[in-house]
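[1] Next input, structure requested:
(4 chains)
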4 protein chains.
Amino acid sequence: MAMTGVLRPGHAQVRVLNLEESVHFYRNVLGLVETGRDDQGRVYFKCWDERDHNCYVIREADTAGIDFFGFKVLDKATLEKLDADLQAYGLATTRIPAGELLETGERVRFELPSGHLIELYAEKSCIGNGIPEVNPAPWNAAREHGIAPIQLDHCLLYGPNIAQVQKIFTEVLGFYLVERVLSPEGDGDVGIWLSCSHKVHDIAFVEYPEKGKLHHCSFLLESWEQVLRAGDIMSMNEVNVDIGPTRHGVTRGCTIYAWDPSGNRFETFMGGYHPYPDYQPLSWTYDNFAQGLDYPQRKLHESFLTVVT
Amino acid sequence: MAMTGVLRPGHAQVRVLNLEESVHFYRNVLGLVETGRDDQGRVYFKCWDERDHNCYVIREADTAGIDFFGFKVLDKATLEKLDADLQAYGLATTRIPAGELLETGERVRFELPSGHLIELYAEKSCIGNGIPEVNPAPWNAAREHGIAPIQLDHCLLYGPNIAQVQKIFTEVLGFYLVERVLSPEGDGDVGIWLSCSHKVHDIAFVEYPEKGKLHHCSFLLESWEQVLRAGDIMSMNEVNVDIGPTRHGVTRGCTIYAWDPSGNRFETFMGGYHPYPDYQPLSWTYDNFAQGLDYPQRKLHESFLTVVT
Amino acid sequence: MAMTGVLRPGHAQVRVLNLEESVHFYRNVLGLVETGRDDQGRVYFKCWDERDHNCYVIREADTAGIDFFGFKVLDKATLEKLDADLQAYGLATTRIPAGELLETGERVRFELPSGHLIELYAEKSCIGNGIPEVNPAPWNAAREHGIAPIQLDHCLLYGPNIAQVQKIFTEVLGFYLVERVLSPEGDGDVGIWLSCSHKVHDIAFVEYPEKGKLHHCSFLLESWEQVLRAGDIMSMNEVNVDIGPTRHGVTRGCTIYAWDPSGNRFETFMGGYHPYPDYQPLSWTYDNFAQGLDYPQRKLHESFLTVVT
Amino acid sequence: MAMTGVLRPGHAQVRVLNLEESVHFYRNVLGLVETGRDDQGRVYFKCWDERDHNCYVIREADTAGIDFFGFKVLDKATLEKLDADLQAYGLATTRIPAGELLETGERVRFELPSGHLIELYAEKSCIGNGIPEVNPAPWNAAREHGIAPIQLDHCLLYGPNIAQVQKIFTEVLGFYLVERVLSPEGDGDVGIWLSCSHKVHDIAFVEYPEKGKLHHCSFLLESWEQVLRAGDIMSMNEVNVDIGPTRHGVTRGCTIYAWDPSGNRFETFMGGYHPYPDYQPLSWTYDNFAQGLDYPQRKLHESFLTVVT
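    Have a look, this model is predicted:
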């Protein structure tokens, strides 16, 4: 009870065009902690305050984009139940054996009608955040190496059929709808923010004709002052910034969108409110989405709608 | 799934010595929103960003202290199941009919071995936070009336038998242990912080010989700057401050403890990290609890251990 | 000694297209305190934490823009000396009698080669910030009415001949150059930031073919969190935002540029470092001014260069 | 004009009991930059964002305390004039030759009636803050090494005859009184805060029977969040904290007082308002100084009044 089923976003695997350039970027600019490499050549990272072995995996490829996004579930029984539920709902699932991702147990993978691969898993080695479990300090030096987000927070994916996607997340996986952007005709949603917790989003989708696209993976910072610091570090390192620093109207989050060296957008953000599953979702009208995206500027940045990997 | 069972702290009922003085304090100094009064003379408040009708209820009495602390559960079926589970565990429960608390459904009440009355309920009228559900602004004027916390966040209760209390919360109600203070002998815990979410605490207990005591109800602020503002407002209104502004080592939260006009301690705080039920609890040794309480000062304020209502 | 001569920016008089709409804007959205109206129909404002009677005066006119910008000087003797110095330098000065601006002493006015009217004055009635001078609280309710800046901080003016302007400010008025943007050819400056204090700017100029233009008047906020709040209030009130929230590379200030209802740009900002007259000026190359303007985005917003009143 | 005469606090020389322990503390915990050692065994530090060679000099001795506190003046002519003015006022001055302090020009030294040695000097080598003067970043890695204050901001000295001290600072050196604590009888001041700028204090004094005592040297931080970070670092390094984090009523500054390993108190603080020499001083009554010292707690910490070096 309380927190059961799907716990949280656990890992994303993202394609990069140049591995070592990307390792430098994610380690020293974004400030993730490199935790391993595997025989496929993938490099594993975690955020400094996360305890599990990895949250972000990169592999070199000819095109940027996301391979899959995974959620940690409570335990193995939950994994089995959710696999059965997904199949009962009519979705094909596959099993990836434990160890295929470093320090990660067996994964249940399925494809969304939006073309994205989602994974569930129950086990990932706890390697800690580098702070003792007895008399812990609130942080350590890793917090100030690069932008140094606290955790992989969520992702925003672009693809078709998000109404069907929403049903899978809410009817099978226990998520609830937190916010949405209404279609121009008001007959559906063109963007949905979904939570399996009391975060404003654990995953989000925007309706888009092409399948399987990544808008951004998002990393959590502690404060608005840390968002400013993130922007400073981006500029010092000539990172291409898309939008921000600013506040989203949607979720109230305070954000910068920028691109990694391969063109994968990422977000560093803080804030938002604390929704619960008994809350009614908030809605943004299509003609006011500019305010939902960039609250102070009320400006519909073209790149938000069109640039994905 | 995801968030099920017990959702969150929902209400506290607290005794005050002078009703109108207290109404002034909670409305204009702490900055809660008064939402109603009932025929028993109780006055109801909510935090500005909460959507349910009330979170804090005061009644005039000869002694200060807490009457009961309630949690909202997911739905009526959950309420029935938890009631049955509590009874199966060996705890007597009673039903308080819907409407006994304004705008609140039927409550299941039971007494902890620490002497505190805990309630579960599935229904409380949603009256909103005063911001439209379509194209919502991130806040409104209510956010700046008094200290104006976002939500009732948790409480800390003092009483005996907290090992038994912990078992009830973790084995029956789905909470997990986030942090603890070890006893001097290391054979148990003298303080426990419990979560039913990914907050660092939804309720906490400290071992204490006398039953049913209130250490503090805690209200969440948005930032460390808002904690400073809270301290300013306390001083402007001659509120008695106990500890802070400071950071707790335990939970990393940033805090001020102060007393309402009747001597009930309350906390205004922000921060903490984001635990999940798969996390190992963090521990504080008894001889280092000073750092756990007041991280910068490493000072064991006597009042923390001895002043309760 | 120490602080002598010119003390600080004291007042700006700005033209607006609709007086009452502008009064509403400056009083309730920007959150200035209205302190008077005169028989010319001008409306006077001060920032909540300023002690002198006014810092910002608006009058209704057919075109937006700035009439004059004034500096308070230490005393009457200083005023006489600076008048004589200006004349000795070859600038014509005129005297505006005490009382022509409400609660303001005699003013010495002169025209810069950039076409702007600058004033010096030694006296303006101290009306206080509404907080007692004995046992003062750090702030009062006025701090949270609208955006509520602390003080008129500086202005940025556009016009020709800024090299000559710089000589007047540094050789006659005791200012020093804090930062500059070098011309493309490196043979001069296209933008200059000047200080008569240890602020990063008390006035700034950008080379521009047309005389007497206002880029913005700037108002100081206390923190980056207050800049976020300012952006929220702008959006809630449908204020047109130009740039920000962001950090300037130039001065390190953290800023939002926006427009009043008449199209006069204003800035709400915080931060910057603490220069002194013995510091060497910092320089920005022309090809990198994008980073100087918008540090995180490194983007040369077209409006910054072309939209003035 | 504008900023003339005395510019700012330039250096303090402080006695420590163990040199290398102190070097470690000031370099790695407080986060100053070590810039040199001289043949007397003194170690020199500057704050990361200062440009002059040193601001804080320590030497090993049997007792802790302050040797002297120095102010930088505008130029050599100013130095000569102030020396003459001091002598004309009746104070004996001595000259310390250039180079006696590393990278520092000739100093004019005099003793205050409070028993403190004050120095004036016009020259100290500019070594920069490590950031290029062309296209400067807002900060560099030095900002995050230890607490890393921006600048030596002021000091508070305890000694007798502060009324006479005030006259010297205001009548000879061009300072003005910003705030004061009235004596119990109201016939004088027991504490005075003096500025030669628009900072709330460049130096402060408290009446005390013993001559030449140091209450604290103060270092400026950028934000309240940085004050929290300072407190964290103090606790991680087992620094003895005296008071804070809290807000002073006096000056509105937000502060932590702590002790170096030799028992010299230092302050890390931010904030305050922006006074000018035409402002009336603010006053605190003796019976309300608790609020002036610790605004939220309104508590007169005994150590503030009695512990000095």
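[2] Give the residue spans of chain A that score low on pLDDT.
    Flagging of chain A using pLDDT under 70 yields the residue ranges A:1-2.
[3] how about 50 then?
    Low-confidence segments of chain A (pLDDT under 50): A:1.
[4] Spell out which parts of it neighbour chain C.
    Selection of chain A residues close to chain C by CB under 8 Å from any CB of the partner chain yields A:224-225, A:228, A:231-232, A:234-235, A:238, A:241, A:244-247, A:249, A:254, A:256, A:291, A:295-299. Using the backbone N, CA and C atoms, a C-beta is placed for each residue, glycine as well.
[5] Pull out the buried residues from the residues you listed.
    A:224-225, A:228, A:231-232, A:234-235, A:241, A:244-247, A:249, A:254, A:256, A:291, A:295-298 (16 or more other CB atoms under 10 Å in any protein chain shown).
[6] And the helices in chain A, which stretches?
    According to DSSP state H, chain A carries its helices in the segments A:19-24, A:76-89, A:162-167, A:224-236, A:289-293, A:302-306.
[7] Please identify which of those is closest to chain D.
    helix A:224-236 (4.9 Å; CB to the nearest CB).
[8] How is chain A divided into domains?
    As given by automatic domain parsing, the domain ranges for chain A are A:6-143, A:151-306.
[9] residues contacting the residue of the stretch 201-309 of chain A at minimum distance from chain B?
    Per CB to the nearest CB, the residue of the stretch 201-309 of chain A with the smallest distance to chain B is A:R252, at 4.4 Å. Going by CB atoms under 8 Å, 6 or more residues apart in numbering or on different chains, A:R252 touches A:200, A:271-273, B:138.
[10] Closest one of these to chain C?
    Distances from chain C to these, taken by CB to the nearest CB, are shortest for B:P138, at 5.7 Å.
[11] Close to chain D: what parts of the stretch 1-150 of chain A are there?
    A:137-139, A:144.
[12] go again using 6 Å as the cut-off
    Contacts of the stretch 1-150 of chain A with chain D, taken as CB under 6 Å from any CB of the partner chain, map to A:137-138, A:144.
[13] Neighbour-wise, which one of these leads?
    Greatest neighbour count in these, by other CB atoms under 10 Å in any protein chain shown, goes to A:P138: 24 neighbours.
[14] tell me the contacts of that one?
    B:252, D:232 (CB atoms under 6 Å, 6 or more residues apart in numbering or on different chains).
[15] Could you rerun that using 7 Å?
    B:247, B:252, B:295, D:232 (CB atoms under 7 Å, 6 or more residues apart in numbering or on different chains).
[16] ok, so what distance separates the first one from A:N129?
    It refers to B:R247. Separation of B:R247 from A:N129 (CB to CB, to the nearest Å) stands at 17 Å.
[17] which one is the residue of chain A most remote from its centre nearest to, not counting chain neighbours?
    Relative to the mean C-alpha coordinate of chain A, counting by CA atoms, centre = their mean, the farthest residue is A:N135 (31.0 Å). Excluding the flanking residues, the one nearest A:N135 by CB to CB, 6 or more residues apart in numbering or on different chains is B:N288, at 5.0 Å.
[18] same thing with A:H198?
    A:H274 (5.0 Å).
[19] how far off helix A:76-89 does the top strand by length along chain A point, in degrees?
    The residue-count maximum for a strand in chain A (DSSP state E) belongs to strand A:6-16. Orientation of strand A:6-16 against helix A:76-89 (axes from the mean of the first three to the mean of the last three CA atoms, to 10 degrees) gives an angle of 80 degrees.
[20] Strand A:6-16 pairs with which strands, and in what direction?
    strand A:56-60 (parallel), strand A:65-73 (antiparallel) (DSSP bridges).
[21] Mind listing residues that contact the last one?
    Meaning strand A:65-73. A:5-15, A:79, A:82, A:107, A:109, A:116-122, A:124, A:155, A:214, A:309.
[22] Quick check: the residue of the stretch 51-200 of chain A nearest chain B.
    Closest point on the stretch 51-200 of chain A to chain B, by CB to the nearest CB, is A:G174, at 2.9 Å.
[23] Could I have the CA atoms of the longest strand of chain A written out in PDB?
    Extracted in PDB, the C-alpha atoms of strand A:6-16 (Å, rounded to 0.1, in the frame of the first residue of the first chain):
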ATOM      1  CA  VAL A   6       5.400   1.500 -10.300                       C
ATOM      2  CA  LEU A   7       7.700   3.500  -8.000                       C
ATOM      3  CA  ARG A   8       9.600   5.900 -10.200                       C
ATOM      4  CA  PRO A   9      11.500   6.500 -13.400                       C
ATOM      5  CA  GLY A  10      14.600   4.300 -13.200                       C
ATOM      6  CA  HIS A  11      16.600   4.600 -16.400                       C
ATOM      7  CA  ALA A  12      16.700   6.000 -19.900                       C
ATOM      8  CA  GLN A  13      18.900   4.700 -22.700                       C
ATOM      9  CA  VAL A  14      19.800   7.400 -25.200                       C
ATOM     10  CA  ARG A  15      21.800   7.300 -28.400                       C
ATOM     11  CA  VAL A  16      24.700   9.700 -28.900                       C
END
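[24] now that strand, how far from the chain's geometric center?
    6 Å (CA atoms, centre = their mean, to the nearest Å).
[25] Looking at strand pairing, list the partners for A:F69.
    A:A12, A:I118.
[26] State the number of residues packed around it.
    That count, for A:F69 with other CB under 10 Å as the rule, works out to 23.
[27] ditto for A:G41
    Neighbours of A:G41 (other CB under 10 Å): 10.
[28] ok, it - contacts?
    Contacts of A:G41 (CB under 7 Å, 6+ apart): A:19, A:59-60.
[29] what do you get for A:F169?
    A:175, A:194.
[30] repeat that with 10 Å
    Shown in contact with A:F169 (CB atoms under 10 Å, 6 or more residues apart in numbering or on different chains): A:6, A:112, A:118, A:162, A:175-177, A:192, A:194-196, A:202-203, A:205, B:2.
[31] ok, the spatially closest residue to A:A61 that is not a sequence neighbour - contacts?
    Leaving aside its chain neighbours, A:A61 sits nearest to A:R15 (3.9 Å; criterion: CB to CB, 6+ apart). For A:R15, the contact set (CB under 10 Å, 6+ apart) comprises A:22, A:58-67, A:214, A:262, A:264, A:309.
[32] just the buried members of these?
    A:22, A:58-60, A:64-67, A:214, A:262, A:264, A:309.
[33] Tell me which two of these sit farthest apart.
    Pairwise distances across the buried ones among the contacts of A:R15 (CB to CB) peak at 16.2 Å, for the pair A:E60 and A:L214.
[34] Mind telling me which residue of the stretch 51-200 of chain A is nearest chain C?
    Closest point on the stretch 51-200 of chain A to chain C, by CB to the nearest CB, is A:I147, at 11.6 Å.
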